[in-house]
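> Below: sequence and its predicted model.
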Amino acid sequence: TVESIIASNNDYLITVKKNQPKLYAQFDQLSATSMRLSSHQTLDKNRGRLDHRQVHVYACPEAITATWVGAYRVIEVIRSGHRKGLPYWHKHYYLSSLKIDSAEYFSKGIRGHWRIENRLHWVKDVFLNEDHSGIVQHSAAQTLSVFRTLALNLYRLKGYASWKEAVARFGSKIRLLYAIIRT
């Protein structure tokens with residue numbers, strides 16, 4: 001996959017999870033022993049949560065660049081804080097082909113991705129149970145996914161931040177739905 005991305009003159013930023021234990025361990029070792037090229041920190045207070053993020057950028061070692069075409073930077077993101085009064089701490093690693101040293105740049109890109117994930121994919125997976133849909137034909141599943149995304153965006157354009165609230169308001173009220181589409 002990364003070969004295709006690089007061959008098409010594009011870049012990648014890939015999450016490295018613990019299901020890749022050797023690579024994850026290499027990144028743990030790298031962050032413990034190597035000099036950071038850049039660091040960036042943010043502190044956010046949102047919906048009763050206190051979220052502290054640290055982003056660190058490292059040069060990609062040759063052992064990794066030999067295996068991962070185009071690999072240039074390793075990014076470490078450490079999130080900690082309190083949610084519902086309970087402390088939490090998470091560490092994530094990313095591998096990137098971008099020839100950038102700025103931790104702030106990577107921080108904004110990763111946060112932007114998670115914003116999409118949380119505002120769209122999570123809503124579709126959790127509230128609409130999209131991943132467990134009984135529809136097996138690929139084109140039908142894609143079409144319904146597009147309609148769900150359209151509905152979600154229409155509700156948000158009308159000022160509804162909550163899918164649950166919008167469904168309660170418009171659930172079986174065809175005339176109200178039609179009014180949204182017409183505007």
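Nice, thanks for sending it over. Numbering: from 1, shown residues only.
> now the helices for this protein?
2-7, 21-33, 62-65, 103-116, 122-126, 138-157, 163-170, 174-182 (DSSP state H).
> Quick one: closest of these to residue 76.
helix 21-33 (5.0 Å; CB to CB). For every residue, glycine as well, the C-beta is placed using N, CA and C.
> Now do the closest residue to residue 15 other than its chain neighbours against residue 149, distance only.
Using CB to CB, 6 or more residues apart in numbering and skipping residues adjacent in sequence, the residue nearest residue 15 is residue 94, 5.7 Å away. Per CB to CB, to the nearest Å, residue 94 is found 26 Å from residue 149.
> Select from the helices of the chain the stretch with the lowest mean pLDDT.
Among the helices of the chain, helix 122-126 has the lowest mean pLDDT, at a mean of 63.
> Mind listing the residues bridging to residue 79?
Using DSSP bridges, the bridge partners assigned to residue 79 are residue 53, residue 90.
> Next, count neighbours for the residue nearest to residue 80 when sequence neighbours are not counted.
Sequence neighbours aside, residue 89 is the residue nearest to residue 80 in space, at 4.5 Å (criterion: CB to CB, 6+ apart). Neighbour count of residue 89, defined by other CB atoms under 10 Å: 9.
> if I pick residue 89, what's in contact with it?
When contacts are counted by CB atoms under 8 Å, 6 or more residues apart in numbering, residue 89 touches 78-80.
> Quick check: beta-bridge partners of the nearest residue to residue 109 once chain neighbours are set aside?
Distances taken as CB to CB, 6+ apart put residue 13 closest to residue 109, at 6.5 Å, once the chain neighbours are dropped. Bridge pairing for residue 13 (DSSP bridges) gives the partners residue 96.
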